[in-house]
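In: coordinates only, sequence not included:
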């Protein structure tokens, strides 16, 4: 079963300095952090902040192509977590047919924001993400686990939604 989520914000992992997209369950209090690359975080942040670039970004280009092909982005689903890597699918509708396309979650999220499509996460992914053992690595991962467990709205910085 898939859970509808919204982007709650973006933050920087204080240990790795990598961006994290924070997804929040629309009907509850659970959050799902997804580490993304700096360029993908930038594409998401630009849309969150409603900033228009002088030339189309890749996700803007993809949306324009979909629009010109009369295809509609129905939803994205973050569907799997394997070896600490999240996987997603983009669901498109064109001429009454639904197409499922494999995607990185960051690209799917950036495109969903531009298309005002719904973001879903499979319940099994949320449960699996909760059970990842960060304590076996080092003291730094223990600190990160505590940071994520105690994540508050104030921690999300300027990209709070």
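Out: That came through fine. Keep in mind that this is a model prediction, so the values were computed, not measured.

In: who touches the residue of the chain positioned farthest from its centre in this structure?
Out: Centroid-distance maximum for the chain: residue 95 at 27.6 Å, with Cα atoms, centre = their mean. By Cβ atoms under 8 Å, 6 or more residues apart in numbering, the residues touching residue 95 are residue 70. All C-beta atoms are positioned from the backbone trio N, CA, C, and that covers glycine.

In: pLDDT wise, what is it at?
Out: With respect to pLDDT, residue 95 scores 95.

In: against residue 70, how distant is it?
Out: 7 Å (Cβ to Cβ, to the nearest Å).

In: one more: residue 81?
Out: Using Cβ to Cβ, residue 81 is found at 34 Å from residue 70.

In: same drill for those two, tell me which one is more crowded.
Out: residue 81 (22 against 9; other Cβ atoms under 10 Å).

In: list the beta-bridge partners for the more buried one.
Out: residue 86 (DSSP bridges).

In: list the contacts of the nearest residue to residue 1 once chain neighbours are set aside.
Out: Closest residue in space to residue 1, ignoring its immediate chain neighbours: residue 123 at 4.9 Å, by Cβ to Cβ, 6 or more residues apart in numbering. By Cβ under 8 Å, 6+ apart, the contact set of residue 123 is 1, 2, 3.

In: among these, which ones are buried?
Out: 2, 3 (16 or more other Cβ atoms under 10 Å).

In: will you turn the contacts of residue 123 into JSON lines that also has distance to residue 130, secondary structure and pLDDT?
Out: Shown next, in JSON lines, are the contacts of residue 123 (distance: Cβ to Cβ, whole Å; DSSP: H, G, I helix; E, B strand; the rest coil; pLDDT from 0 to 100):
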{"residue": "1", "distance to residue 130": "16", "secondary structure": "coil", "pLDDT": "90"}
{"residue": "2", "distance to residue 130": "16", "secondary structure": "strand", "pLDDT": "94"}
{"residue": "3", "distance to residue 130": "13", "secondary structure": "strand", "pLDDT": "94"}
